[in-house]
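>>> quick one: sequence and predicted model below, then my questions.
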Amino acid sequence: MTHYLDFEKPLAEIEGKAEELRALARSNEEMDVEEEAGALDRKAADMLRDLYKSLTPWRKCQVARHPERPHCRDYIAALFTEYTPLAGDRAFGEDAAVMGGLARLGDRPVMVIGHEKGHDTQSRLARNFGMARPEGYRKAVRLMEMADRFGLPVVTLVDTPGAYPGKGAEERGQSEAIARATETCLQIGVPLVSVIIGEGGSGGAVAFASANRVAMLEHSVYSVISPEGCASILWKDAEKMREAAEALRLTAQNLAKLGVVDRIIPEPLGGAHRDREAAIAAVGTAISAMIDGLAAKDRAALIRDRREKFLKLGSKGLAA
């Protein structure tokens, strides 16, 4: 059953009516409803196109958080072969919010690391909704250092509302672990490419996305804080999240203008959840292209490229 967002309710009614007609026809072979159902399909397609041609930043946040949107495990299963998961930070334990391991992208061996939110209630609880604890970031550091040792490109898939802010995480050094992961991203001498596949929240996302090349799916978001959190701080009212989303400039389109991201990956009409295979394929093509573009650079050039990229942040305005 399709999950519709709040702004998609009129679309849900039309698509629901078309499905009801077809359900009636399946139960009564004498009924011919295809012409009427087809008209509803065309009306729904036009409405979907109108809804998605100019999404507001807040609506993009809703699409980025859609529960049926492909997650890290879906991309790994579809794009990578010979995936061998590697677990644990060798200090405290395993963090299920972070997936990572050795794999092949086509015929190229890589290290792939990403946030996993889970796909149902049980897995979301097990994965802590994609909010990593210190051991998750320390696992990522371990895997990036391993990739550096063996000369493997690193691919990171970012989809997190932010690092977990719980008491235990803070006691085990959450801020230090995030800083160490960000430092490792900047220091490794192999190509590092990152894709924001859903939410890129705060330092929890930066710790995976301090990369040579950063791409965003068309309807993903990337921000220092969630719109709700920003609204709570600035206006003392979380209901002002729409104004906060506008002010944060968190969309892929704004961030490309600001020079924060290098590439926008188009999504199928209606978002990645409406055609998961096409969205995953587009991400795979972008990852391969970004790695190919870095393949000729030596260790020093890759580190210098990353350093220069992040030192330039803030030099572009939205009018640039």
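Sure thing, it's come through.

>>> measure residue 243 to residue 235 for me?
As defined by Cβ to Cβ, to the nearest Å, residue 243 lies at a distance of 8 Å from residue 235. C-beta here means a position set from N, CA and C on the backbone, and glycine is covered the same way.

>>> more neighbours: which of those two?
residue 243 (17 against 13; other Cβ atoms under 10 Å).

>>> ok, and the closest non-adjacent residue to that one?
For residue 243, ignoring the flanking residues on the chain, the nearest one in space by Cβ to Cβ, 6 or more residues apart in numbering is residue 231 at 7.0 Å.

>>> tell me if I'm right that the one you found and residue 241 touch.
Yes: with contact defined as Cβ atoms under 8 Å, residue 231 counts as touching residue 241 (4.9 Å).

>>> quick one, longest strand in the chain?
Using DSSP state E to define each element, the chain has its longest strand at strand 192-201.

>>> partner strands of that strand, parallel or antiparallel?
Applying DSSP bridges, strand 192-201 is found paired with strand 154-160 (parallel), strand 213-217 (parallel), strand 221-223 (parallel).

>>> what comes into contact with the helix or strand that comes right after the first one?
Just to be clear, that refers to strand 154-160. Using DSSP states H and E, the helix or strand that follows strand 154-160 in sequence is helix 167-171. Here helix 167-171 makes contact (Cβ atoms under 8 Å, 6 or more residues apart in numbering) with 133, 134, 163.

>>> what about helix 167-171, average pLDDT?
In this model, helix 167-171 has a mean pLDDT of 94.

>>> give the buried residues for whatever helix or strand comes next after it.
Sequence order places helix 174-187 as the next helix or strand after helix 167-171, per DSSP H and E. Neighbour counts over helix 174-187 (16 or more other Cβ atoms under 10 Å) mark 174, 177, 178, 180, 181, 182, 184, 185 as buried.

>>> of all those, which comes closest to residue 249?
In terms of Cβ to Cβ, no member of these lies closer to residue 249 than residue 182, at 21.0 Å.

>>> residue nearest the middle of this protein, spatially speaking?
In the chain, the centroid-proximal residue (Cα atoms, centre = their mean) is residue 197; its distance is 2.0 Å.

>>> check what pLDDT that residue gets.
So, for residue 197, pLDDT stands at 96.

>>> show the contacting residues for it.
Applying Cβ under 8 Å, 6+ apart to residue 197 gives the contacts 69-72, 75, 114, 157-159, 217, 220, 272, 283.

>>> out of the residues you listed, who's the most crowded?
The residue in those with the most neighbours, by other Cβ under 10 Å, is residue 220 (30 neighbours).

>>> let me see the contact set for the closest residue to that one other than its chain neighbours.
Leaving out its chain neighbours, the residue that sits closest to residue 220 by Cβ to Cβ, 6+ apart is residue 196, at 4.6 Å. Neighbour list for residue 196: 158-159, 205, 209, 214-217, 220-222, 252, 261 [criterion: Cβ under 8 Å, 6+ apart].

>>> which two of these have the greatest separation?
Counting by Cβ to Cβ, the most remote pair of the contacts of residue 196 is 159 and 261, 14.9 Å apart.

>>> pick the most buried one from the strands paired with strand 192-201.
Compared across the strands paired with strand 192-201, strand 154-160 shows the largest average neighbour count, a mean of 28 (mean count of other Cβ atoms under 10 Å).

>>> how far does that strand sit from its chain's centre?
7 Å (Cα atoms, centre = their mean, to the nearest Å).

>>> which residue ranges form the helices in this structure?
Remark: helices assigned in the chain by DSSP state H are 9-27, 34-52, 57-64, 72-79, 121-126, 134-150, 167-171, 174-187, 202-209, 227-234, 241-248, 252-257, 276-294, 299-311.

>>> now residue 145: how far from residue 188?
Taking Cβ to Cβ, one finds residue 145 at 7 Å from residue 188.

>>> who has more neighbours out of these two?
The residue with more neighbours, out of residue 145 and residue 188, is residue 188; 23 against 14, by other Cβ under 10 Å.

>>> give the buried residues for the least confident helix or strand in the chain by mean pLDDT.
Using mean pLDDT, DSSP states H and E, helix 9-27 stands out as the lowest-scoring helix or strand of the chain, at a mean of 82. Neighbour counts using 16+ other Cβ under 10 Å place 11, 14, 15, 18, 21, 22, 25 of helix 9-27 among the buried residues.

>>> can you check stretch 75-89 too?
The neighbour-count check on stretch 75-89 (16+ other Cβ under 10 Å) flags 75, 76, 79, 80, 83, 89 as buried.

>>> now do the same end-to-end measure for stretch 23-38.
Start and end residues of stretch 23-38 are separated by 14 Å (Cα to Cα, to the nearest Å).
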